[in-house]
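In: give me the fold of what follows.
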Amino acid sequence: MRLNILLTLILISACADNKRASLHTSFDSSKTFSQPVSVDTTKNPANIWIDRFNGEKYPLPDSIGGKPVTFYLNSPKVATIAKALYKGQFRPTDNDSTTLLLSYVTTNDKTIRPFYRWCLDFTIAISDGALAEYPGVPALNYAIKFPGEFFNYLDKDSTYGRYSRWTASITYSGLPDYGKDSTFNYNIIVEKMTSNCKECPKSILERIKALAKDVTAGQRKNN
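Out: Numbering: from 1, shown residues only. Down below sits the predicted model:
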């Protein structure tokens, strides 16, 4: 009698497991990103961002732009998707939600722009595969619109790693026109950045030329 009961329970458990497995395999992960904000339900430890794609862990800053992160997380002016990225509830990938998130970096609101800049910088840091196609344009747009602020931000990283990542991203997916030669793109970048840097010191104007040279260098190798 007990044996029959045990066998019955095992059979019921196996059927339940098969049903759960069926539900799991029928889930379309692409639908996760069909809404303006895509939420990953994984709970991350405080100050650590865990990539749900590969399990990589990234430390999160406690402050951004001289303000505690809570300033941005509690601000009604900061987009929900940007907050979701920091909280580990959104993972940038090749979709419109990522395009929208990265476009915020050129907002005219300087009080929350640093947080959007961090979102872009973080996306550049984790970019690979199809995602690498997305940060280049907003990175260049930010550099063009706020040249002085752009260089000041890059200079805060004494390892030079941030400069290398941003220039590589612009080279890969952010140049004005890949159908034109490197000289064309160089001139466009210098012209646009300089036009937004009318009161910049000569040193910044020289750095603009150096940046334009660096981001078009990779293109020259392919010409």
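
In: for the residue nearest the centre of the chain, which three-state class applies?
Out: Against the mean C-alpha coordinate of the chain, by CA atoms, centre = their mean, the closest residue is Thr123 at 2.1 Å. For Thr123, the reduced secondary structure class is helix; criterion used: DSSP: H, G, I helix; E, B strand; the rest coil.

In: likewise for Asp177?
Out: Secondary structure for Asp177, judged by three-state DSSP, is coil.

In: how many other residues sit next to it?
Out: Taking other CB atoms under 10 Å as the neighbour definition, Asp177 ends up with a count of 9. Where you see a C-beta, it was placed from the backbone N, CA and C, and this is true even at glycine.

In: check the one 10 residues further on too.
Out: Here the number of neighbours of Asn187 (other CB under 10 Å) works out to 14.

In: which residue ranges of the chain form helices?
Out: Ranges of helices in the chain, per DSSP state H, are 2-25, 69-73, 80-87, 96-103, 113-126, 136-145, 147-155, 161-173, 182-195, 202-222.

In: which of those helices sits closest to Ser63?
Out: Ser63 lies closest to helix 69-73 among the helices of the chain, at 6.3 Å (CB to CB).

In: dump the C-alpha coordinates for that closest one into CSV.
Out: Provided in CSV are the C-alpha atoms of helix 69-73 (Å, rounded to 0.1, in the frame of the first residue of the first chain):
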residue,chain,number,x,y,z
VAL,A,69,23.0,57.6,-6.6
THR,A,70,19.8,57.9,-4.5
PHE,A,71,19.5,61.5,-5.8
TYR,A,72,18.9,60.1,-9.3
LEU,A,73,16.9,57.0,-8.2
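
In: stretch 55-69: end-to-end distance?
Out: Distance between the two ends of stretch 55-69: 24 Å, counting by CA to CA, to the nearest Å.
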